[in-house]
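In: Take a look and give me a structure for this.
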Amino acid sequence: MNIHILACGGAVMHNIALALHQLGHQITGSDDEIFEPALSRLKKANICPETFGWFPEKISKDLDFIVLGMHARSDNPELLKAKELGIKIYSFPEYVYEHAKNKTRVVIGGSHGKTTTTAMVMHVLKTLKKDFDYLVGSQLEGFDTMVRFSDAPLMVIEGDEYLTSTLDPIPKFLKYKPQIAMITGIAWDHINVFPTWENYVEQFELFVNSIETGGSLIYFDGDETLKKVCEKSTLNKQAYKTPNFHIRNNKVVVSKGERHTLEIFGEHNLQNAEGACLVCKELGISEDEFYDALSSFTGTAKRLEKVHEEANLIVFRDFAHSPSKLKASIDAVRKQFSSHHFIAVFELHTFSSLNKDFLPNYQHCMDLADDALVYYNPDVFAHKKMQAIDKEDIIKNFGQSVWAIEDSKELLAKIEEIKSNVLGKPYVLLLMSSGNFDNAKMW
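Out: Numbers count the residues shown, from 1 in each chain. This is a model prediction of the structure:
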């Protein structure tokens, strides 16, 4: 088939282009900018557009359909041409459902932990040599792409609550209609799209209602809001908690019939593992089989990912940006490395974290760190057309002990100053951001 990927440079969109290309389809694409690693990967497959921009002449009736990315606006000239010609247009979640509608569909959603949990399920299935398709929001070790399309009988999908496309602005996870669904938790996010807490929670109620009749719903028992949402459902429900565990030689050990030593750590990760275990049980995998396979799982990129280690220093990188994610990541590192001096660094980068009215939600999120630093670039407010915040706003909302820093050189100098004061003691550095600290070299 001839397929055009409109906004082909995004993390998931370029992987969809690659997955469709691997099936033998003729793929074209467009985007106004494409960054690495998408650029090199599309070029290697010989499906990268020669010129960046939007070109209506690429759109003709020879196309079987278009897959539309969220990056494309409603006035996109290629989109307008496609509508004029009556060409079939799928958002990417719509196409994923179209591909998987005759498969068993597992969808893992939640405000936090969904990428890691999806990765856990994928890792276990691969380790046990099960055949499956997948869509996950991060590049994972052992998987060439973030998307796989084949004739496998099962598809594992990370269910994002962000919007599908300009043509259909509803959460992506409402498109998948799973037979097996898991929700990790509900913590207000994407406030530019869901302006109230009630509106945000409603999306998860809709997700639960989208599960196929006779399907299974798995959810975290420790989230009171999530419990209320799930308990309304008449589906087959299973709740999970934090498993019993202990730490031995800086490793987590869980007892599940057998004892299993894991590479991951932190209560949040262990909760995710319990939920993933229940998902795999629905697929015919026993508890011990699951944890035995999970013992070789090292985590996902930017999710408490160890990026550097030397004699007295361990550096972790984490995607945390919402208050609940921040708190969970800091709590995990504090408990795992209780004898280390702990430096936590957070970059304000997302729309929510840069919103002055949202800052009060970060109260006490960084209290467990020995030194807490919050970095932001003042130029970003003008770029995003947002009300500026200053150091006083950050200190007021994060806590008096937090260092508020607005220059990357100052940030590096502060980290070096802290390190010089803890000589002779090992320390751990946790870097939390959905950005890159303006490319500052942090260790």
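In: So for the chain, the centremost residue is which one?
Out: The C-alpha lying nearest the average C-alpha coordinate of the chain belongs to T115 (CA atoms, centre = their mean; 4.5 Å).
In: That residue against R303, yeah?
Out: Yes. T115 is within contact range of R303, at 6.4 Å (criterion: CB atoms under 8 Å). From N, CA and C alone the C-beta is placed, and that goes for glycine too.
In: three-state assignment of A181?
Out: In the three-state summary, A181 is assigned as strand, counting by DSSP: H, G, I helix; E, B strand; the rest coil.
In: That one: neighbour count?
Out: 29 (other CB atoms under 10 Å).
In: What residues are bridge-paired with it?
Out: According to DSSP bridges, the partner residues bridging A181 are V107, L217.
In: is it true that D288 lies in a helix?
Out: Yes. Applying three-state DSSP, one finds D288 inside a helix.
In: now it, nearest residue through space, not along the chain?
Out: Closest residue to D288 in three dimensions, ignoring its sequence neighbours and counting by CB to CB, 6 or more residues apart in numbering: G257, at 4.8 Å.
In: got a list of what A369 touches?
Out: The contact partners of A369, taken as CB atoms under 8 Å, 6 or more residues apart in numbering, are I330, R334, F342, I343, A344, L430.
In: My understanding was that the fourth one contacts N421; is that so?
Out: No. Judged on CB under 8 Å, I343 makes no contact with N421 at a distance of 10.8 Å.
In: Looking at the two, which has the bigger crowd around it?
Out: Taking I343 and N421 together and counting by other CB under 10 Å, I343 has the greater number of neighbours (23 against 10).
In: How much space separates M146 from R41?
Out: Applying CB to CB, to the nearest Å, the value for M146 to R41 is 11 Å.
In: One more: D318?
Out: Taking CB to CB as the measure, D318 falls 24 Å from R41.
In: Let's verify Q139: helix, strand, or coil?
Out: In the three-state summary, Q139 is assigned as coil, counting by three-state DSSP.
In: Quick one: residues contacting it.
Out: By CB under 8 Å, 6+ apart, the contact list for Q139 reads P37, M146, A301.
In: Most neighbours out of those residues, which is it?
Out: Among those, M146 has the most neighbours (other CB under 10 Å), with 21 neighbours.
In: Counting neighbours, what do you get for the residue nearest to that one when sequence neighbours are not counted?
Out: Residue nearest to M146 in three dimensions, not counting chain neighbours: N15, with 4.1 Å by CB to CB, 6+ apart. N15 has 22 neighbours, counted by other CB under 10 Å.
In: now I285
Out: Residues near I285, counting by other CB under 10 Å, number 18.
In: Check L359 too.
Out: The local packing of L359 (other CB under 10 Å) involves 20 other residues.
In: same thing with N192?
Out: N192: 12 surrounding residues under other CB under 10 Å.
In: And I394, by the same measure?
Out: Using other CB under 10 Å, I394 is surrounded by 22 other residues.
In: repeat for the one 10 residues further on
Out: Here the neighbour count serves as a burial measure; for A404 (other CB under 10 Å) it reads 20.
In: Would you agree it falls within a helix?
Out: No. Assessed by three-state DSSP, A404 does not belong to a helix; its assignment is strand.
In: distance of it from H341?
Out: When CB to CB is the yardstick, A404 and H341 sit 20 Å from each other.
In: K126 now?
Out: Taking CB to CB as the measure, K126 falls 38 Å from H341.
In: which of those two has more neighbours?
Out: Between K126 and H341, counting by other CB under 10 Å, H341 is the more crowded of the two (19 against 16).
In: Can you give me every residue that contacts that one?
Out: With contacts taken as CB under 8 Å, 6+ apart, H341 has the following neighbours: D370, D371, I418, V422, K425, P426, Y427, V428.
In: Repeat that for R259.
Out: If you count contacts by CB under 8 Å, 6+ apart, then R259 has V253 around it.
In: Also the one 3 residues further on?
Out: Contacts for L262 were tallied using CB under 8 Å, 6+ apart; they are K251, V252, V253, V254, L270, A273, Y291, L294, S295, F297.
In: domains of the chain?
Out: Each structural domain of the chain that the record assigns through automatic domain parsing is listed here as a residue range: 2-87, 95-294, 305-439.
In: mind checking the end-to-end distance for the second one?
Out: Which is domain 95-294. In domain 95-294, first residue to last residue: 30 Å (CA to CA, to the nearest Å).
In: and what of stretch 56-66?
Out: This stretch, stretch 56-66, spans 13 Å end to end (CA to CA).
In: Other residues contacting it?
Out: Outside of stretch 56-66, the residues that reach it under the criterion CB under 8 Å, 6+ apart are 1-6, 28, 30, 77-78, 80-82, 85, 87-90, 95.
In: and it, how far from the chain's centre?
Out: Its chain's C-alpha centre and that of stretch 56-66 lie 32 Å apart, by CA atoms, centre = their mean, to the nearest Å.
In: which SS class is I3?
Out: With three-state DSSP as the criterion, I3 was assigned strand.
In: Contact partners for the residue lying closest to it once chain neighbours are set aside?
Out: Leaving aside its sequence neighbours, I3 sits nearest to H25 (CB to CB, 6+ apart; 5.2 Å). Residues near H25 by CB under 8 Å, 6+ apart: M1, N2, I3.
In: and the gap between S420 and N46?
Out: Distance check for S420 against N46: by CB to CB, it reads 52 Å.
In: does the closest residue to F297 other than its chain neighbours count as helix, strand or coil?
Out: The spatial neighbour of F297 that comes closest, neighbours along the chain excluded (CB to CB, 6+ apart), is H123 at 4.7 Å. For H123, the secondary-structure state derived from three-state DSSP is helix.
In: these two touch, right, H123 and V136?
Out: No. When contacts are counted by CB under 8 Å, H123 is not listed as touching V136 (10.6 Å).
In: doesn't A293 fall inside a helix?
Out: Yes. Remark: A293 belongs to a helix, assigned using three-state DSSP.
In: Begin at 48 from now on, thanks
Out: Sure, I'll start counting at 48 from here, so that last one is A340.
In: can you count the residues close to it?
Out: Neighbours of A340 using other CB under 10 Å come to 19.
In: Is it in contact with L175, as I believe?
Out: Yes. The pair formed by A340 and L175 meets the contact definition of CB under 8 Å, at 5.8 Å.
In: Now do the same for whichever strand or helix holds V114: mean pLDDT, whole number.
Out: Secondary-structure element containing V114, defined by DSSP states H and E: strand 112-115. Here the mean pLDDT over strand 112-115 is 98, rounded to a whole number.
In: Who does that strand pair with, and is each partner parallel or antiparallel?
Out: Sheet neighbours of strand 112-115, with direction, are listed as strand 49-53 (parallel), strand 136-138 (parallel) (DSSP bridges).
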